[in-house]
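K.L.:
predicted model follows, preceded by the sequence.
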Amino acid sequence: MKLIAFYLIVGLAGVPMCIPAVAQLNESDTASFQVRTGATGAWQKGNVDLLVLRARLELVSNSKRSLVFKSQNNSLYQQFSGFKADNDMYSRNYLYYHPFRKVYPFAMVYLQTNYRRQIDFRWFGGVGTTWQFVQKPATNLKVSASVIYEETDFRNQQFNEEFYNGNNTICLWRATAYLAGWHRLLNNRLRLFYTAYWQPGLDEVTNNRAQLDAGLDFPVWRGLSFLLQYNFYYEQIVAASVKQHDRILTFGISCQFKK
């Protein structure tokens, strides 16, 4: 019940204070504060027992103007006939310096758990630079490059690469190439947004990771939008019996506050 209450609170927190939204929170926006939240769920009992809860909370604060903090947080819980399939948390946190410029530096920290991939806890942090090469009212495009240090605790000591067998913790350095963009289409009736990154591991064996998030945002009323999102995730090194790819398609309602 505590878990269900958490999802309801996250999902409903932004509803009373919604005003016009953009497809994706942007650290280069001049607004001093932005919040975007959404939640979806399904509960079925009978011939099939099903419980699905998914929540999202993002915020950007630039009250200091030169320093901007951005946090993106997602969680997913799925249970089928008493069998837990997912219980994941994913938190991405950035600190930008003068992100209104064409080129700006940043520091970042990611936190993650992933039940399906047998990841008890993963964190990585690093620094990088972003080049914002298109910044127009209807289009925003940027690329980034960074270097990070990563540490992952698995619930397994056997992997699809024998180099890592015998230890449930993997530590390594990675480079990161990142692309992000959004576009307003059909006279602002439709918004397309996407992010993608590739992280080659700097280790003795090849250890790549890639992720793509893409979605469509249909504004409905005063900050409320219908959201359709596709996530693709690839990790080259995984625990034994775990697949390298995951694909998730979700849809629901999102809400954004901005001032």
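P.N.:
Noted; the coordinates are in hand. Residues are numbered from 1 along each chain as shown.
K.L.:
these two touch, right, residue 39 and residue 252?
P.N.:
Yes: if you go by C-beta atoms under 8 Å, residue 39 and residue 252 touch, sitting 7.1 Å apart. C-beta coordinates here come from the backbone N, C-alpha and C atoms, glycine included.
K.L.:
what touches both of those two?
P.N.:
Both residue 39 and residue 252 are contacted by residue 54, under the criterion C-beta atoms under 8 Å, 6 or more residues apart in numbering.
K.L.:
please say which of the two ends up with more neighbours.
P.N.:
A direct count of neighbours by other C-beta atoms under 10 Å for residue 39 and residue 252 places residue 39 higher, at 23 against 17.
K.L.:
can you tell me how far that one sits from residue 68?
P.N.:
Counting by C-beta to C-beta, to the nearest Å, the separation of residue 39 from residue 68 is 26 Å.
K.L.:
ditto for residue 104
P.N.:
The gap separating residue 104 from residue 68 is 9 Å, by C-beta to C-beta.
K.L.:
equivalent analysis for residue 113, please.
P.N.:
Looking at residue 113 against residue 68, where the rule is C-beta to C-beta, the gap reads 27 Å.
K.L.:
more neighbours: which of those two?
P.N.:
Under the criterion of other C-beta under 10 Å, the comparison of residue 113 against residue 68 puts residue 68 first, with 23 against 16.
K.L.:
give me the residues contacting the helix or strand harbouring the more buried one.
P.N.:
Using DSSP states H and E, residue 68 maps to strand 67-80. In this structure, residues lying in contact with strand 67-80 by C-beta under 8 Å, 6+ apart are 3, 7, 25, 27, 48-62, 84-97, 99.
K.L.:
quick one: buried ones out of those?
P.N.:
7, 25, 27, 51-62, 86-92, 94-96, 99 (16 or more other C-beta atoms under 10 Å).
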